[in-house]
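*Asks:* Got a predicted structure here, sequence first:
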Amino acid sequence: MRKATHLSKRARTKWRVARRMVSDKIGVIAIKRDSKAPDPRFCPNGSHDATLDLDLVRDWLIEDDRINLAAVMLGTSYLVVDVDSPNGAKAAKQLGPLPKTFTVKTRNGTHRYYRHYGKVKGSRIKLALDLDIIASGYVLLPGSDHPDGGRYEATDLSRNIVRLPQQTIDAINQSNHGEKKNGAIEKRDHSKSVTKGGRNNSLTSIAGSLRRQGYEESVIVAILNTFNENFCSPPLRQKEVGRIAHSVARYAPEHEDLFQLMADVTPRDVEFLWKPYFVRGAVNLLEGDSNVGKTYFFCWIGAVASSGGKLPDGSKIEPQKVLFLSAEDDPETTLVKRMMRMGADLNHIWVMKKFLRLNEDALQLIEKHVVENDVTVILMDPLLAYMEGGIDMNKANETRPFMARLAELAKEHNLTIVALRHLNKSTDKKAIHRGLGSVDITAASRSAVMIGLHPEDDEIRVFAHAKHNLSARGDSLLYTLEGETERKVPKLVWDGTTELTAEDLTPKANKVGRPDHASQEAEQFLRRALAGGDARPAKDVIRDGERRSINASTLRKVARKIGVIKKGRTWKLAETPT
């Protein structure tokens, strides 16, 4: 080997750096003066001409001591963390505590060399703004001149190149999206971008997957930032990405304490706000068609829970703190009036004044409010309005994470969450399958109750237990809304039990067949019975009809058909003059 003293002072510096790289089996190539492009005089094939031959490197430098030199990562067990600004340095910290290693000062940052013993996928991997991983490309060595001015310098040429933690290697591979084999980053395909409405959900899903694999918050943040910068259009603010990672990182990875002996399981009794209809520590559903008074019922629940009022069976519950989320009714013109009429303790009920879809940020605000104010009941009207934008309510794989997050909130704070859901118009489905959206929404709830009009009297509502995972099915109950005037909202009044079930509240398809002689006979009877002009007690009319073998259900159906006026519990014909 020829002595390096034959080289110019400038060349000797570069040759010593090359010797440092070769000692670690890292190949070197010649780069054009004040450039980052390979010099075709010495390395016409670019990285593929990388050499460990120091005599060859010496020849290059004798011929032109102004050339730059670069270290090639291709085919080695090394990579370089390229930090290019204060922003990049901040992002690098999110990878976790990186060990001290051989480092080169660049024009705007540093190149940090690391050894690894696993395959790193990709050439130049962009982890964040101004933070890249060079895994099979090349980087300029100390002594080289930057094209825009400034010189690369080694902080300590003798420092060893240390091993990068395997978890960080895995994180780098996780974040590697859309790389080309030639080392250039593939341009973003905007047709595959995650747009407004789906960004939070996508990032939360990725974060959950990473956490289940055991990654810490710092690694999750780094990967989310990469996905956000490359695939979200427009990207979320870094602060919001950090909040998503922090929220998910609170939960233990799935592999920690994954298995447990049944002998170590402590039995726990199921608790109820109202047994058996509404379960504590779980999500419950209240379902019904439009205009059956679901929100009135919600107000009744809020009133009874807040005041510790009586349930239909006469028992009382302890006063609860209630949070009411309403996307449809105004608190000032609607909700507060109804709750006052129902006897609520308004000092125990909060409303969310501004509508927010329940993304992770909103859920954290709610969780904070729950903890600070000892809230035990959350009423949500309606459920689908609060699902994150971008979720397809008909797809189980998209609705399940949202329902699971609500269930986590309920379980962690022993909340009774009751969510209202509208029904579809189907006449051929079971009652439990009539809720709007995926059937998985019902599957994720622990109890579901349906409200509907009595099939024989639309002045009466039926409260029927449709799903009951943790108890026997509860009795179906009857109630009416009474006392409504122009200045006063109605009051909910319970009226005993019924044999009707949720299936009886499903509308039946019209059938074609022979004339309904029973209905014709009932219509003739009603017109005669109410022909006197005065309103008659409905029970007296029904009793007289039954004496003529006309059953009560037929009389009620026909009364609706011919427009019998029902005032309180009396009937009269609409055309009868007052």
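*Replies:* Looks like it arrived, so ask away.
*Asks:* Where does Pro319 sit: helix, strand or coil?
*Replies:* coil (DSSP: H, G, I helix; E, B strand; the rest coil).
*Asks:* now it, nearest residue through space, not along the chain?
*Replies:* Gly308 (3.8 Å; C-beta to C-beta, 6 or more residues apart in numbering). In short, each C-beta sits where N, CA and C put it, glycine included.
*Asks:* And Gly150, by the same measure?
*Replies:* Nearest one to Gly150, counting by C-beta to C-beta, 6+ apart, is Arg107 at 4.2 Å.
*Asks:* Tell me the spacing between the one you found and Tyr138.
*Replies:* 17 Å (C-beta to C-beta, to the nearest Å).
*Asks:* quick one, which of the two is more surrounded?
*Replies:* Tyr138 (25 against 14; other C-beta atoms under 10 Å).
*Asks:* is the more buried one in a bridge, and if so with what?
*Replies:* Counting by DSSP bridges, Tyr138 forms beta bridges with Val72.
*Asks:* Give the other helices and strands that whichever strand in the chain runs longest contacts.
*Replies:* Secondary structure of the chain read by DSSP state E shows that its longest strand is strand 457-468. Applying 3 or more C-beta pairs under 8 Å, 6 or more residues apart in numbering; DSSP states H and E, we find strand 457-468 packed against strand 447-454, strand 476-482.
*Asks:* Throw these into JSON lines and include mean pLDDT, thanks.
*Replies:* Formatted as JSON lines, the helices and strands packed on strand 457-468 follow (pLDDT from 0 to 100):
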{"stretch": "strand 447-454", "mean pLDDT": "92"}
{"stretch": "strand 476-482", "mean pLDDT": "91"}
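*Asks:* following the top helix by length along the chain, which helix or strand shows up next?
*Replies:* Identified as the longest helix of the chain according to DSSP state H is helix 396-413. Using DSSP states H and E, the helix or strand that follows helix 396-413 in sequence is strand 416-422.
*Asks:* Show me what that next one pairs with in its sheet, parallel or antiparallel.
*Replies:* Strand pairing for strand 416-422, determined by DSSP bridges: strand 282-288 (parallel), strand 377-381 (parallel).
*Asks:* Figure out which of those strands is closest to Ala89.
*Replies:* strand 377-381 (42.5 Å; C-beta to C-beta).
*Asks:* Go ahead and confirm Glu217 touches Ile244.
*Replies:* No: shown here, Glu217 and Ile244 do not form a contact pair, counting by C-beta atoms under 8 Å, at 10.5 Å.
*Asks:* Those two - which one has more neighbours?
*Replies:* Taking other C-beta under 10 Å, Glu217 and Ile244 do not tie; Ile244 has more neighbours (27 against 19).
*Asks:* Can you mark which positions in stretch 155-163 are buried?
*Replies:* Ile161 (16 or more other C-beta atoms under 10 Å).
*Asks:* er, stretch 565-573 actually
*Replies:* Neighbour-count burial for stretch 565-573 [16+ other C-beta under 10 Å]: Lys566, Thr570, Trp571, Lys572, Leu573.
*Asks:* And stretch 350-363, by the same measure?
*Replies:* Trp350, Val351, Met352, Arg357, Leu358, Asn359, Glu360, Ala362, Leu363.
*Asks:* which residue lies farthest from the center of this structure?
*Replies:* Outermost residue of the chain with respect to the C-alpha centroid, by C-alpha atoms, centre = their mean, is His6; its distance is 66.8 Å.
*Asks:* Now do the same contact list for it.
*Replies:* Arg58, Ile62 (C-beta atoms under 8 Å, 6 or more residues apart in numbering).
*Asks:* quick one: which helix or strand includes Ser136?
*Replies:* Applying DSSP H and E, one finds Ser136 in no helix or strand.
*Asks:* my guess is it meets Met73, correct?
*Replies:* Yes: Ser136 is within contact range of Met73, at 5.4 Å (criterion: C-beta under 8 Å).
*Asks:* So what would you say the end-to-end distance of stretch 299-313 is?
*Replies:* Using C-alpha to C-alpha, to the nearest Å, the end-to-end distance of stretch 299-313 comes to 19 Å.
*Asks:* hang on, the earlier thing: the residue nearest to Pro319 reaches Lys321, doesn't it?
*Replies:* No: if you go by C-beta under 8 Å, Gly308 and Lys321 don't touch, sitting 11.4 Å apart.
*Asks:* if you count what's nearby, which of these two comes out ahead?
*Replies:* Between Gly308 and Lys321, counted using other C-beta under 10 Å, the more crowded position is Lys321 (18 against 13).
*Asks:* now that one: how far from Lys239?
*Replies:* 30 Å.
*Asks:* try Lys368
*Replies:* 17 Å.
*Asks:* can you list the domain ranges for this structure.
*Replies:* Here the domain parsing of the chain from automatic domain parsing is 4-173, 192-249, 282-505, 517-572.
*Asks:* Check the model's average confidence along the last one for me.
*Replies:* Within the predicted structure, the mean pLDDT of domain 517-572 is 82.
*Asks:* go on, stretch 91-101?
*Replies:* For stretch 91-101, mean pLDDT rounds to 79.
*Asks:* Quick check: end-to-end length of that stretch?
*Replies:* 18 Å.
*Asks:* ok, and for that stretch, which residues are buried?
*Replies:* Neighbour count says stretch 91-101 has Ala91, Ala92, Gln94, Leu95, Gly96, Leu98, Thr101 buried, by 16+ other C-beta under 10 Å.
*Asks:* and Val81, what does it touch?
*Replies:* Ala92, Leu98, His111, Arg112, Tyr114, Leu131, Asp132, Ile133.
*Asks:* Output the below-cut-off pLDDT ranges for the stretch 101-250 of the chain.
*Replies:* By pLDDT under 70, the low-scoring segments of the stretch 101-250 of the chain are 118-124, 174-192, 213.
*Asks:* ok, which stretches of it are strands?
*Replies:* Secondary structure of the stretch 101-250 of the chain (DSSP state E, counting those that start in this stretch): strands at 103-105, 110-115, 124-128, 131-134, 138-140, 153-154, 162-163, 194-195, 232-233.
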